[in-house]
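# any chance you can model this:
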Amino acid sequence: MRLLQEIIDLLSASAPSLENALFKAQVLAHQLGEQELKQWVASELKGYPDRALLPPYRIIPVTVMANLSNGVVRYTDQPLPLMSVEKRLREKLETTHLTQSIAVIEEWSKRDSDLSVVLAPEYYPHIKNGIDRSFKIERAWGKHSVGAMLQVVVEVRSRLLELALEVSDRIPLEPEPDRMKQVSQEVLVSEVFRNAVFGSNTTIVVGSGSIQGVTNSIAVNDLESLAKVLRAQHVRDEDIHELRQAIVADANTDDVRTRMLGPAVRGWIAAMVKKAAEGAWDVGVAAAGGLLGSAISAYYGFGGA
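Numbering: from 1, shown residues only. Here you go, the predicted model:
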């Protein structure tokens, strides 16, 4: 696809333009009807509205630093020992959530001076337990490691590039405009997106018809754990039986050996998406293909390293 190649060229250039590549990815997500991809790209461009939506690469560790004084002696830029701080608070103090747009983070990555997260004075009584009681905290802040902001930019660039390369392999030719969304479902672009951006650890959220990148609840090559998840998503036993037969039929195919879903399983997914569109399966049609693709890929153990 031409648009995919443009994204690849922007990201692999000697002076890559990540923001322009993301804008093109936004157009691609719209053409393919991939809502999860569209949401991720929009969040990277405009910033994340909720910390709960942050990918792991945007959560970075920090070291708590402080200026200390007892009226006679003064220490500056001192790392504070936090082992005596309550665990939940310590984890909060030692972690920064980057919700800003990728353009802001990219600008921060070019600065020579270190960026810091200022700690409010109400935390001081909790973090001074590990220091001499005669000293008071004048100022405290969190300091991230050198290059942390650049690493976030690199993560977004590499994940988007991996996504574009994988999808270009699955959709090498330009589909007809009215078949773009159908082709996207057939080649499981939503599965590629989750594996490239969030990794292979995915769990199906029971009853919601959605997918959350948290923990893999399906054991590799365990049909019973796969069936359990599908039943929770209102997939009927007769449909699960047909899936079992499709998995057996695909067992020795080249597709499975090269870590792709086989033709019988792809046909089963297409039939289930059709059932969702016709109202015969109680799951939204937009989520159906991604939900099944993610669950079955987890069964095969496909995805990130």
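# the stretch 201-305 of the chain: helices as residue ranges?
223-232, 237-249, 254-257, 263-278, 285-300 (DSSP state H, counting those that start in this stretch).
# report all helices and strands that the top strand by length along the chain contacts.
Using DSSP state E to define each element, the chain has its longest strand at strand 59-69. On a contact count with 3 or more CB pairs under 8 Å, 6 or more residues apart in numbering; DSSP states H and E, strand 59-69 meets strand 74-79, strand 95-97, strand 136-144, helix 148-170. Bear in mind the C-beta positions are built from the backbone N, C-alpha and C, glycine included.
# now do that strand against strand 136-144, angle only.
On the basis of axes from the mean of the first three to the mean of the last three CA atoms, to 10 degrees, strand 59-69 is oriented at 160 degrees to strand 136-144.
# shift numbering so it begins at 225
Right, with 225 as the first residue, what we last looked at is strand 283-293.
# sorry, back to before: out of the helices and strands packed on strand 283-293, deepest packed?
Most buried of those, by mean neighbour count (mean count of other CB atoms under 10 Å): helix 372-394, with a mean of 19.
# so where's the stretch 425-529 of the chain shaky on pLDDT?
425-441, 506-514, 527-529 (pLDDT under 70).
# let's see it at 90
425-446, 448-460, 476-486, 490-491, 493-529 (pLDDT under 90).
# how far off strand 298-303 does the longest strand of the chain point, in degrees?
170 degrees.
# buried residues, strand 283-293. List them.
Ile284, Val286, Val288, Met289, Ala290, Leu292 (16 or more other CB atoms under 10 Å).
# what distance separates stretch 328-340 from the centre of its chain?
Stretch 328-340 sits 23 Å away from the centroid of its parent chain (CA atoms, centre = their mean, to the nearest Å).
# C-alpha coordinates for it, CSV please?
Extracted in CSV, the C-alpha atoms of stretch 328-340 (Å, rounded to 0.1, in the frame of the first residue of the first chain):
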residue,chain,number,x,y,z
VAL,A,328,6.4,17.7,23.6
ILE,A,329,8.4,14.6,24.7
GLU,A,330,10.5,14.9,21.5
GLU,A,331,11.3,18.5,22.3
TRP,A,332,12.2,17.5,25.9
SER,A,333,14.6,14.9,24.5
LYS,A,334,16.6,17.6,22.8
ARG,A,335,17.3,19.6,25.9
ASP,A,336,20.7,19.6,27.5
SER,A,337,19.4,20.2,31.0
ASP,A,338,17.7,17.5,33.0
LEU,A,339,13.9,17.6,33.5
SER,A,340,12.6,17.0,37.0
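# for Val413, what are its contacts?
Leu256, Glu258, Leu261, Val391, Arg394, Ile395 (CB atoms under 8 Å, 6 or more residues apart in numbering).
# Leu450 too?
Leu450 touches Ile442, Leu467, Ala519, Ile520, Ala522, Tyr523, counting by CB under 8 Å, 6+ apart.
# excluding chain neighbours, what is closest to the first one?
Counting by CB to CB, 6 or more residues apart in numbering, Ala522 is the residue found nearest to Ile442 once chain neighbours are left out, at 4.0 Å.
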